[in-house]
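A.B. asks: I need the structure of the sequence given here:
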Amino acid sequence: MKYFSTRDKSLKFSFKDIFLRGLAPGGGLFLPDEIKKYSKDDLNTLSQLSYNELATEIIFNFCSNEIKKDELNSLIKKSYSSFKEKEVVSLKKIGNINLLELYHGPTLAFKDIAMQVIGNMYDHLQVAKTKTVNIVVATSGDTGSAAIAALSNRKNINLFVLHPHNKISNIQRKIMTTIGGKNIYNIAIDGSFDDCQKIVKELFNEDEFRSKINMSGVNSINWARIVCQIVYYFYSFLKLQNNNISFSVPTGNFGDIYAGYFAKKMGLPINKLIVATNKNDILQRVINTGEYKPDKVKPSITPSMDIQVASNFERLLFYILDENDNKVTSLMQDLSSKRLFNLEKKEIQKIKIDFEGIKITDEETVRIIEKVYKEHQLIIDPHTATGVGAAISLKHLGDIVVLGTAHPYKFGNTIKKAIGKDLNPPSHLKMNVDKKEMFDIIGNSSSDVKNYILNKIV
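C.D. replies: Here you go, the predicted structure:
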């Protein structure tokens, strides 16, 4: 299998190449040139597998040229050995809704599921054997801590984590800034997550700088992130044994829900993928109107979704535009120069075949947390609550799986407002609340970040 770019179908990269690069040349995103299609009989066979076995089967499709299957299986077992749940994820019922809890890893967020595997892939693929790799990642709250937990103290690897200063929860920040080793650098940017993400993309697109520092990335622009997330769509679907299942996904950067779209392309008979957004509702707007026009980021009680530029939407665009890389490039150029692009009516209709978009306000989110607690004695975090709210709005779709993306402890102030209780930290959280936080506040520009990185690695 080879990989091409959403903006250049002629490219042919190996899995190891795209794993290290993250972003494709010219700013596009990588996609595989083959898509494994599972038949109904195949799905019946897969339904007998444990989570680790299923992950091996799914992920192997995308890296078979670089990793032997038995080695991949060992890597996956190692990656998930510290998870609280033996089966990595947990599926439970909340009334008529199925809740897929994805936050049983070391930093209490769904990002751990992909990041732990990625951390071990860096070692297995020996990408840092002869030269230090400098990984630069932007986070809206959870990616950073998951990356730190996966990459702390790895040999010949440095990790630079950019987060928006004072725009993530206190617990999200404390997890990030108290658990890292000497190879971890936390950077607070005076701006939004979109600013952090823009800086990372600009650095990737500077070929001289990227090559000079041997730069790599673990944001959801890295295809390996998507690959690992595809697995839990298969797992939950196969456990429920129902051919009319939709998924409601709290959505910011479009990576997690895009994994569901790709699972559907692989033969999983998903009904609808529900994009649950907060007041930063660019994705709901583009699904319903076809206009993709980033606005100013509005702070909310769901900070991991405070995003106006959803990078992975470009991967969906590629297929919606009939795999026309030139048209993708044209729309991305419009986004850069005009700050917007518009889809045609037929393209909007294509999106609506698979997707629904629902906006949940902060006030609704608090009420949903309170309602779930009162009716089911279960506490959910505000991001998960947006997924529940969207599912309630679309209950006519039948069986819906809501992706539970983070542990409620990370958002204690909102939880207390909703249910009047303080939460105790989970026993498996590796965070020292009394330890001094380590992060540097710097300016909102790629030149500031470049200078910071160069000063640290000299």
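
A.B. asks: only the buried residues of the helix ranked longest in the chain, if you could.
C.D. replies: Ranked by residue count, the top helix of the chain under DSSP state H comes out as helix 223-240. Neighbour-count burial for helix 223-240 flags 223-240 (criterion: 16 or more other CB atoms under 10 Å). Every C-beta, even on glycine, is put in place using the N, C-alpha and C of the backbone.

A.B. asks: same check, this time on stretch 62-79
C.D. replies: 62-63, 66-67, 72-73, 75-76, 78-79.

A.B. asks: with stretch 50-63 instead?
C.D. replies: 51-52, 54-63.

A.B. asks: of these, which belong to helices?
C.D. replies: Per DSSP H, these map to helices at 51-52, 54-63.

A.B. asks: okay, these in JSON lines with pLDDT next?
C.D. replies: Formatted as JSON lines, these follow (pLDDT from 0 to 100):
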{"residue": "Tyr51", "pLDDT": "98"}
{"residue": "Asn52", "pLDDT": "98"}
{"residue": "Leu54", "pLDDT": "98"}
{"residue": "Ala55", "pLDDT": "98"}
{"residue": "Thr56", "pLDDT": "98"}
{"residue": "Glu57", "pLDDT": "98"}
{"residue": "Ile58", "pLDDT": "98"}
{"residue": "Ile59", "pLDDT": "98"}
{"residue": "Phe60", "pLDDT": "98"}
{"residue": "Asn61", "pLDDT": "98"}
{"residue": "Phe62", "pLDDT": "98"}
{"residue": "Cys63", "pLDDT": "97"}
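
A.B. asks: among these, which one lies nearest to Asp381?
C.D. replies: Comparing these against Asp381 with CB to CB places Tyr51 closest, at 21.9 Å.

A.B. asks: helix or strand right after the helix or strand where Thr386 lies?
C.D. replies: Using DSSP states H and E, Thr386 falls within helix 382-393. Once the chain leaves helix 382-393, the next helix or strand it forms, by DSSP H and E, is strand 399-404.

A.B. asks: which strands or helices does the helix or strand that that following strand is followed by pack on?
C.D. replies: For strand 399-404, the following helix or strand on the C-terminal side (DSSP H and E) is helix 412-419. The helices and strands touching helix 412-419, judged by 3 or more CB pairs under 8 Å, 6 or more residues apart in numbering; DSSP states H and E, are helix 362-376.

A.B. asks: I'd like the average pLDDT over the helix it packs on.
C.D. replies: Mean per-residue pLDDT for helix 362-376: 97.

A.B. asks: how many neighbours does the closest residue to Leu343 other than its chain neighbours have?
C.D. replies: Once flanking residues are discounted, Leu343 sits nearest to Gly290: 3.8 Å by CB to CB, 6 or more residues apart in numbering. Around Gly290 sit 17 other residues, with neighbours defined as other CB atoms under 10 Å.

A.B. asks: distance of Gly290 relative to Asn186?
C.D. replies: As judged by CB to CB, to the nearest Å, Gly290 and Asn186 stand 39 Å apart.

A.B. asks: returning to that earlier point: quick check: the farthest pair among the buried residues of stretch 62-79?
C.D. replies: Phe62 and Lys78 (18.8 Å).

A.B. asks: do you know the pLDDT at the residue of the chain most remote from its centre?
C.D. replies: Here the chain reaches farthest from its C-alpha mean at Val458, the gap being 31.4 Å by CA atoms, centre = their mean. Note on Val458: pLDDT of 73.

A.B. asks: contacts only, for Thr177.
C.D. replies: Taking CB atoms under 8 Å, 6 or more residues apart in numbering, we find Thr177 in contact with 186, 437-439.

A.B. asks: what's the closest non-adjacent residue to it?
C.D. replies: Per CB to CB, 6+ apart, closest to Thr177 is Glu437, 3.8 Å.

A.B. asks: surely the one you found is in contact with Thr178?
C.D. replies: Yes - with contact defined as CB atoms under 8 Å, Glu437 counts as touching Thr178 (6.0 Å).

A.B. asks: looking at those two, which is more packed in?
C.D. replies: Higher neighbour count among Glu437 and Thr178: Thr178, with 20 against 12, using other CB under 10 Å.

A.B. asks: give the helix, strand or coil label for Lys350.
C.D. replies: What DSSP: H, G, I helix; E, B strand; the rest coil gives for Lys350 is helix.

A.B. asks: any idea how many residues pack against it?
C.D. replies: Applying other CB under 10 Å, I find that Lys350 has 17 neighbouring residues.

A.B. asks: now it: how far from Ile274?
C.D. replies: Lys350 is 17 Å from Ile274, where distance means CB to CB.

A.B. asks: A helix includes Ala146, no?
C.D. replies: Yes - the assignment for Ala146 by three-state DSSP puts it in a helix.

A.B. asks: surely it meets Lys111?
C.D. replies: Yes - counting by CB under 8 Å, Ala146 does reach Lys111; the two are 3.6 Å apart.

A.B. asks: those two: which is more packed in?
C.D. replies: For Ala146 versus Lys111, neighbours defined as other CB under 10 Å are more numerous around Lys111 (32 against 28).
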